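# What follows is a predicted protein model with its sequence.
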Amino acid sequence: MANLKTIRDRILSVKNTQKITEAMRLVAAAKVRRAQEQVIATRPFADRLAQVLYGLQNRLQFEEANLPLLKQRQVKRVGLLVISGDRGLCGGYNNNVIRRAENRAKELQKEGVEYKYILVGRKAIQYFERRNQPIDAKYTGLEQIPTATEASMIADEVLSLFLSESVDRIELVYTKFVSLISSRPVIQTLLPLTPQGLEPHDDEVFRLTTRGGNFEVTREKVSMTNRPFPREMIFEQDPVQILDALLPLYLNNQLLRALQESAASELAARMTAMNSASDNASELIGTLTLTYNKARQAAITQEILEVVGGANALNG
């Protein structure tokens, strides 16, 4: 009977855990939808900014614009801006982006280039602090659905490092969102900006939908309809001055997009991890229930044998 009670307690414990994992899956799904709405809400500004930059690019040669954010320097020190999460329970999301950043640091070391980290997320901070790595700035406690204010705060630090020549290049290490079951850590040069990085390209928006009762995320291409400014357009200010004012906004937008992609990747990874945990809990409950039934049947059989044995002893 003691064994039966232990199994019953274990089944109850696993069922409670399953309720928690299922709740966490649904919460992550709701946050993915919020992230989706934010991406859609920020697209009009991003599109208009891209159109203006495209028009300026066609009006003047960026290579001839002597602007600090476009200035190419000999690379002696690189700042690695790493975006991770504050929490776990999201599969290999944090480990993958941390490993990508660590491998990039090793590559720079082999090339004789110094590096320092700008870290976003408690997991990356804990990892690199334990290994006594050079850390210039740390950011934790950000909203799970990133905001433009947070992106601007991080961008200010990045700009300060680059413009003060503390670093000669800023590389962004983040997780690109692909689908609910797929994401990949990527590296993007954030500063200095290059004309190639400002070319128009098709944007993407991810949408959370359901199919057959299951969540899924689809990505759709959004065509960019940039057109050059009319040749007769007259600028009240020098186009170079306009460009100088717009490039920091473009940098903020790039960083916000990376934060959004990382947040969506983390939430999708958490959804997948919690879904797997719920499925494993269901299997374990089935196994424990079968074990409980077998043990209960054996106990009942034993009790019947004891009663029959006792009756036979009285009759004998």
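Right, received. Where do you want to start?

# So the residue lying closest to Glu150 once chain neighbours are set aside versus Lys15, what's the distance?
Using Cβ to Cβ, 6 or more residues apart in numbering and skipping the chain neighbours, the partner closest in space to Glu150 is Leu142 (5.2 Å). The way it works is simple: take the backbone N, C-alpha and C, and place the C-beta from them, glycine included. Distance of Leu142 to Lys15, given as Cβ to Cβ, to the nearest Å: 34 Å.

# cool, Tyr127 as well?
On the measure of Cβ to Cβ, Tyr127 and Lys15 end up 34 Å apart.

# now swap in Arg25 and tell me
On the measure of Cβ to Cβ, Arg25 and Lys15 end up 16 Å apart.

# higher neighbour count, those two?
Comparing Arg25 with Lys15 by other Cβ atoms under 10 Å, the one with more neighbours is Arg25, at 20 against 14.

# Over the helix or strand encompassing the more buried one, what's the mean pLDDT, rounded is fine.
According to DSSP states H and E, Arg25 maps onto helix 2-59. For helix 2-59, the mean per-residue pLDDT is 77.

# What mean pLDDT does the following helix or strand past that helix get?
Using DSSP H and E, the helix or strand that follows helix 2-59 in sequence is strand 77-83. Mean pLDDT, strand 77-83: 94.

# Kindly format the C-alpha coordinates of stretch 26-39 as PDB.
Provided in PDB are the C-alpha atoms of stretch 26-39 (Å, rounded to 0.1, in the frame of the first residue of the first chain):
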ATOM      1  CA  LEU A  26       0.000  29.500 -23.700                       C
ATOM      2  CA  VAL A  27       1.600  32.600 -22.100                       C
ATOM      3  CA  ALA A  28       4.500  32.400 -24.600                       C
ATOM      4  CA  ALA A  29       2.000  32.100 -27.500                       C
ATOM      5  CA  ALA A  30       0.200  35.200 -26.300                       C
ATOM      6  CA  LYS A  31       3.500  37.100 -26.100                       C
ATOM      7  CA  VAL A  32       4.500  36.000 -29.600                       C
ATOM      8  CA  ARG A  33       1.200  37.500 -30.800                       C
ATOM      9  CA  ARG A  34       2.100  40.800 -29.000                       C
ATOM     10  CA  ALA A  35       5.500  40.700 -30.600                       C
ATOM     11  CA  GLN A  36       3.900  40.200 -33.900                       C
ATOM     12  CA  GLU A  37       1.600  43.300 -33.400                       C
ATOM     13  CA  GLN A  38       4.600  45.400 -32.400                       C
ATOM     14  CA  VAL A  39       6.500  44.500 -35.600                       C
END
